[in-house]
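# give me the fold of what follows.
(chains A and B)
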Amino acid sequence: MTAEITARRRHAFTLTGAVTWTGLWTFIGGLLVAVLVVVLASFTQQLSSGWLPAQVTTTWYSGAWSYFDLPSLLTTTLIVAVAVVALSLLVAIPTAFALSRLDFPGKRLVLVLFLVPQVIPTMSYAVPLATLVYQLRLNDTIAGLVLVNLVPALPFAVLVLIPFVDQIDPRVEDAARVFGAGMRQVFLRVLTPLMVPGLLAAGVLVLVRVVGQFELTFLVAGPNSQTIVVALFGASLQAGQLPSQQIDAMAVVYMLTTLVLLMIALRFVDPTSVAARNRR
Amino acid sequence: MSAVVANSRSAGGRGAVRRWARARGITPVLWLVVPGVLFMLVFFVYPLFYGLGLSFQGKDGPLSAYQAFFDNRLVDNQGSRESLLITLQLALLASLINVGAALPIAYRMRGPVRGKRVITAVVLIPMTLGTVFVASAMNNFLGPAGWFNKALLTVGLVDEPLALTGNFLGVLLSLVISGFPFAFLLMLGYASGIDPSLEKAAAVLGADARARFRLIALPLLLPGLTITFCLSFVLAFGVFPSATLVGNDAGPTRVLSKIAYTEYTNAQYATASATAVIMAVIQLMVIGLVFALRSKLYRGSTAGGKG
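Residues are numbered from 1 along each chain as shown, chains lettered A, B, ... in the order given. Sure, this is the predicted structure:
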């Protein structure tokens, strides 16, 4: 079956197909070169006009370790990211289910409540929210970081999940209920497995957004609770204080962190596996 | 069903009240939305209104902060009105490019394609990079002394380096690089959710590839497409680090959030909040328009009928 389709596809040539694939490969090629350029720069002793660095050094990486206190940055980032993903998915699954399946008075209002955080600038609620966190004495703590990051992450997860619940045929749940499954069983054994592609997409997107979240984290973070992106932005916005290679090295460390997190997330399921399951 | 009935019994209320409530869609299943809604009310709505209140506490009367914005008196009398246009142009262009590119690629990759895992992994790389890395890469690769311009000069295609960074184009490019993977991942999820048997049925009935895309896949993809467009737009609209690091935020690429940020750091809370409110209103207008269009479209299961 698969071989047959692949064979047919190889012969079929269309103009739109050619444009699509050329565009995709140009993007990929440019991307790889761009990454290579930064990695090269982070190993360069002295920036010069040549194509390749004249002298290779690892000074900037040991600098990243000592200047930024990398181990504690990485620990904080990881704990906050995992906690936010887990909590937001836990609350988002039932919410998305109810919003997709039920029709109740005030549903539009609830939808708007989850939509608005996605469509207004972070800055407009970040400062008052940070004030609230200060009053709760949660500033400069991991709990405070998790709390502020949940504010955009939870509604985001709900919105991403709703179309995935829409795609599940309601008759599947009805069938499970007919056979005596309770709400909990319907969720754990029917809905959640069917929603795995959606959960993965939502989880990965939330993860990357949390790790890359700057404004909210920045306002609540303190010396004991810095994430890697806050330290990195802080350094690069004060351009001139540090050599650009030092910032490049730190950016490479940041990239490797998110890359590892993303690889772990993508190991669990292929986001496109639902198509394969449907064919059977 | 049994659990639902049991819950409603424990929730109390007489039979008539229960029937009345159920006729309006109020069932015990609704408890599922309570935790999420409660959290959002306390930690989002309350701070939001506090910020809105701040924007009306300008120095000279309730609306003075807004007046200052539209009179170009913000950020040391630099233009704030043109920032409005710049931000809108950047965000609209970037999200159109992102969605326009993600749709055909995701559509073609919904089935089995050679090297799919590798392509997906590579396309997702920008998600791991972060703004600082992308900015650094663009300045190193596309800047006046970067490899790209060096190669063009060596080949002799251009006489002087192309200005690809430090301007509008640079920021737009950076927004596309960082925004495309989000659009692609979402679209891939939506495209894979379409039951292939629907298109097979259409093919059996004589629809060619173009008709299958236009009549079957596209209508089913449109709800996902609108969500993706909105999220891309929001990502591009609120972001300012790339405008600072790749663009020139003294003028050509000074986006609105940069103005809000600068006013905040200068302790001008009223004008900063006013700028944020203006940003919010513009974003809501664009998103509202997209969703108004969406509500006219088919929304439902993408699974096929009987096998």
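# so which bits of the stretch 201-307 of chain B are right by chain A?
Proximity of the stretch 201-307 of chain B to chain A, by C-beta under 8 Å from any C-beta of the partner chain, involves residues B:209, B:223-224, B:227, B:230-231, B:234, B:237-238, B:241, B:244-245, B:256-257, B:260-261, B:264, B:269, B:272-273, B:276-277, B:279-280, B:283-284, B:287, B:299-303. Placement of C-beta: from N, CA and C, glycine included.
# please indicate which of the residues you listed are buried?
B:223-224, B:227, B:230-231, B:234, B:237-238, B:241, B:244-245, B:256-257, B:260-261, B:264, B:269, B:272-273, B:276-277, B:279-280, B:283, B:287, B:301-303 (16 or more other C-beta atoms under 10 Å in any protein chain shown).
# just the helices in the stretch 151-300 of chain B please.
In the stretch 151-300 of chain B, the segments counted as helices under DSSP state H, counting those that start in this stretch are B:168-192, B:196-204, B:209-212, B:218-238, B:241-245, B:256-265, B:269-294.
# next one: the stretch 101-250 of chain A
Under DSSP H, counting those that start in this stretch, the stretch 101-250 of chain A gives helices at A:107-119, A:123-135, A:142-167, A:170-178, A:183-185, A:192-194, A:196-212, A:215-220, A:228-237, A:244-268.
# next, the buried residues of the fourth one.
If I follow you right, that is helix A:170-178. Buried residues in helix A:170-178 (16+ other C-beta under 10 Å): A:E173, A:A176, A:R177.
# of all those, which comes closest to chain B?
A:R177 (4.7 Å; C-beta to the nearest C-beta).
# next one, pLDDT for that closest one please.
Each residue has a pLDDT score; the one for A:R177 is 85.
# wait, it sits on A:R184?
No. In this structure A:R177 lies outside contact range of A:R184 using C-beta atoms under 8 Å: 12.0 Å.
# quick revisit: as JSON lines, the helices of the stretch 151-300 of chain B with distance to A:L147 would be great.
Listed next are the helices of the stretch 151-300 of chain B as JSON lines, based on distance: least, C-beta to C-beta, whole Å:
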{"stretch": "helix B:168-192", "distance to A:L147": "24"}
{"stretch": "helix B:196-204", "distance to A:L147": "43"}
{"stretch": "helix B:209-212", "distance to A:L147": "47"}
{"stretch": "helix B:218-238", "distance to A:L147": "20"}
{"stretch": "helix B:241-245", "distance to A:L147": "23"}
{"stretch": "helix B:256-265", "distance to A:L147": "21"}
{"stretch": "helix B:269-294", "distance to A:L147": "21"}
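# which one of these lies nearest to A:A41?
Nearest to A:A41, of all the helices of the stretch 151-300 of chain B, is helix B:241-245, at 14.6 Å by C-beta to C-beta.
# average pLDDT for that closest one, rounded please.
76.
# which strands and helices sit next to it?
Judged by 3 or more C-beta pairs under 8 Å, 6 or more residues apart in numbering or on different chains; DSSP states H and E, helix B:241-245 is in contact with helix A:228-237, helix B:131-141, helix B:168-192.
# alpha carbons of it, as CSV, please.
Extracted C-alpha coordinates of helix B:241-245, given in CSV (Å, rounded to 0.1, in the frame of the first residue of the first chain):
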residue,chain,number,x,y,z
PRO,B,241,13.1,41.6,20.7
SER,B,242,13.5,40.8,17.0
ALA,B,243,12.6,44.3,15.9
THR,B,244,15.3,45.5,18.3
LEU,B,245,18.0,42.9,17.5
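# how near is the residue nearest the centre of chain A to B:L231?
For chain A, the residue sitting closest to the mean C-alpha position, by C-alpha atoms, centre = their mean, is A:V208 at 2.1 Å. Distance of A:V208 to B:L231, given as C-beta to C-beta, to the nearest Å: 13 Å.
# now do A:L242
33 Å.
# then B:P112?
Counting by C-beta to C-beta - B:P112 and B:L231 are separated by 28 Å.
# ok, back up a step: with mean pLDDT added, can I get the helices and strands packed on helix B:241-245 in TSV?
Shown next, in TSV, are the helices and strands packed on helix B:241-245 (pLDDT from 0 to 100):
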stretch	mean pLDDT
helix A:228-237	79
helix B:131-141	82
helix B:168-192	86
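# Throw the ones you listed into TSV and include distance to B:L93, thanks.
Output for the helices and strands packed on helix B:241-245, formatted as TSV (distance: least, C-beta to C-beta, whole Å):
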stretch	distance to B:L93
helix A:228-237	25
helix B:131-141	17
helix B:168-192	6
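# select, out of those helices, the one closest to A:L111.
Nearest of the helices and strands packed on helix B:241-245 (C-beta to C-beta): helix B:168-192, 18.2 Å.
# what angle sits between that closest one and helix B:218-238?
150 degrees (axes from the mean of the first three to the mean of the last three C-alpha atoms, to 10 degrees).
# can helix B:168-192 be said to contact chain A?
Yes. Using C-beta under 8 Å from any C-beta, helix B:168-192 reaches chain A at B:I177, B:F180, B:F182, B:L185, B:L186, B:L188, B:G189, B:Y190, B:S192.
# lowest average confidence, helix or strand, in the chain?
You didn't pick a chain, so chain A it is. helix A:273-279 (a mean of 41; mean pLDDT, DSSP states H and E).
# and residue 72, how many neighbours does it have?
Let's take chain A. Neighbours of A:S72 under the rule other C-beta atoms under 10 Å in any protein chain shown: 13.
# I was thinking of chain B, sorry if that wasn't clear
So B:N72, with other C-beta under 10 Å, has 14 neighbours.
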